[in-house]
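Q: Next comes the sequence, and after it the predicted model I'd like to discuss.
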Amino acid sequence: MARERLLMGPGPSNAAPEVLAALGRPLLGHLDPEFLGLLDEVAERLRMVFKTANRMTFAVSGTGSAGMEAALVNVLEPGDEIVVGVNGVFGGRMCDVASRAGAKVVKVEAEWGRIIEASDVARALDDHPEAKAFALVHAETSTGVAQPIDEIAELLRGRNTLFVLDTVTSLAGMNVDIDAWGVDVCYSGTQKCISVPPGLAPITFSERALDVVRSRKTPVQSWYLDVGLLAGYWGSDRVYHHTAPISMVFALHAGLGVVLDEGLDARYERHVRTAATLAAGLEERGFSYVAASRLPMLHCVRLPDGVADATARSRLLTEHGIEVGSGLGPFKGTCWRIGLMGHNAREGNVERLLGAIDTLL
Ligand SMILES: *Cc1c(COP(=O)(O)O)cnc(C)c1O
């Protein structure tokens, strides 16, 4: 057995004990009434965490990227136009997925470490009034940028363009308000601030998005991720589509229970508080932030002079049992990505990391 690790990178985060216990529950069949009851509760808990009344709210079998793919392939048909905000890895991945689905991709770009400007989005939407969707990343895990949503949500109101939002890193760690923002399709992942192992992707579709899916001229290119087929299982018909990952559903059910028992506001607040302690400690030690609009759960920081990226990360891991992430893209070799996600966003973990960093400096 590997020694226990403190996972303070860009995900996965450590799971709460309740979640690990749920993973070990004896299996049920995927059509067992007890399991179906649990599925309904998972959907209900996801509605609370997403803050939505959307009927079609469920968990895709697969990690966050499967959620991304499910969101995009259901709404896009070959030849459709999509506008995508790109200021890091995950906006880039959305462009890749959309273009593989045959869509024409229009990028609204910003430098890595900066937000997508609402004025740039407004211009792109005006230039492309026929765009089927606009896609945006709420928490860009490659840079630590927190993307403001309100102004962009306002721009999209009254247009036919669907609003697709990636909340893989933000959900259950900072405010996500799907119905208030008028988001049509939103996906997330289990292993970041929900603190459940990687393997499911929570997702929600508005009625407007489902109307768009129903009026497609071509079938959804992915059989596995076709929301119309998945509705047969997650809805009241309970038709077999694919075998649900039973143990992961147990784990997600337990993990969402932990989130809701704590309360969303208390959980957001805990992230903000621990983030402030970490930021003060890092800045004191000569680290500096890449982003001005910063996430509480992901800190992308430049290393102080004299710290060798790979050696220092490897020592943190082997000597202290702490994982932090490397920089990506323009930040490779010069930055770390330190996660304070979900269960891990605690003062004790911050102290442990800062103490370990002190032994390296
Ligand atoms: C982690 C992440 C993903 C991808 O999730 P996987 O679970 O790695 O497939 C997508 N978007 C964002 C913003 C992420 O942080």
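A: Everything's here; your move.

Q: ranges for the helices of the chain?
A: 17-23, 33-50, 64-75, 89-100, 118-127, 150-156, 178-181, 207-214, 227-234, 246-262, 264-284, 309-320, 347-360 (DSSP state H).

Q: which of these sits most buried?
A: Stretch with highest mean neighbour count among these: helix 64-75 (a mean of 25; mean count of other Cβ atoms under 10 Å). Heads up, the C-betas are built off the backbone N, CA and C, glycines and all.

Q: As CSV, could you dump the C-alpha coordinates of that one?
A: These are the backbone C-alpha positions of helix 64-75, laid out as CSV (Å, rounded to 0.1, in the frame of the first residue of the first chain):
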residue,chain,number,x,y,z
GLY,A,64,-14.9,15.9,-15.8
SER,A,65,-13.8,15.7,-19.5
ALA,A,66,-16.6,13.2,-20.1
GLY,A,67,-19.0,15.9,-18.8
MET,A,68,-17.4,18.4,-21.1
GLU,A,69,-17.8,16.1,-24.1
ALA,A,70,-21.5,15.3,-23.1
ALA,A,71,-22.3,19.0,-22.8
LEU,A,72,-20.9,19.8,-26.2
VAL,A,73,-21.8,16.8,-28.4
ASN,A,74,-25.4,16.9,-27.3
VAL,A,75,-26.0,20.5,-28.4
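
Q: Tell me which of the helices of the chain sits nearest to the ligand.
A: Among the helices of the chain, the nearest to the ligand by Cβ to the nearest ligand atom is helix 64-75 (2.5 Å).

Q: Show me the strands in the stretch 101-250 of the chain, by range?
A: Ranges of strands in the stretch 101-250 of the chain, per DSSP state E, counting those that start in this stretch, are 104-109, 133-137, 139-140, 145-146, 162-166, 185-187, 200-205.

Q: Show me what the fourth one is packed against.
A: Looking back up the chat, that one is strand 145-146. Using 3 or more Cβ pairs under 8 Å, 6 or more residues apart in numbering; DSSP states H and E as the contact criterion, strand 145-146 has no neighbours among helices and strands.

Q: Can you confirm whether that strand lies near the ligand?
A: No: using Cβ under 6 Å from any ligand atom, we find that strand 145-146 stays clear of the ligand, coming within 10.3 Å at best.

Q: who touches that strand?
A: Contacts of strand 145-146 from elsewhere in the structure, counted by Cβ atoms under 8 Å, 6 or more residues apart in numbering, are 87-88, 113-115, 138-139, 170, 174, 291, 293-296.

Q: So which bits of this protein are right by the ligand?
A: Listed as neighbours of the ligand in the chain under the rule Cβ under 6 Å from any ligand atom: 11, 63-65, 68, 90, 137, 139, 141, 166, 168-169, 189, 198.

Q: Make a ChimeraX selection of the buried ones in those residues.
A: Those of these that count as buried under 16 or more other Cβ atoms under 10 Å are selected in ChimeraX with:
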select :11,63,64,65,68,90,137,139,141,166,168,169,189
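
Q: Look at the residue nearest to residue 4 when sequence neighbours are not counted and report its pLDDT.
A: Closest residue in space to residue 4, ignoring its immediate chain neighbours: residue 321 at 6.6 Å, by Cβ to Cβ, 6 or more residues apart in numbering. What the model reports as pLDDT for residue 321 is 97.

Q: Next, the closest residue to residue 329 other than its chain neighbours: phi, psi?
A: Leaving aside its sequence neighbours, residue 329 sits nearest to residue 112 (Cβ to Cβ, 6+ apart; 5.7 Å). Torsion angles at residue 112 (phi, psi; degrees, to the nearest 10) stand at phi -60, psi 130.

Q: Hmm, residue 112 is touching residue 327, no?
A: No: counting by Cβ atoms under 8 Å, residue 112 sits too far from residue 327 to count as a contact (10.0 Å).

Q: about what we covered before: contact partners for the residue nearest to residue 329?
A: 87-88, 142-143, 290, 329-331.
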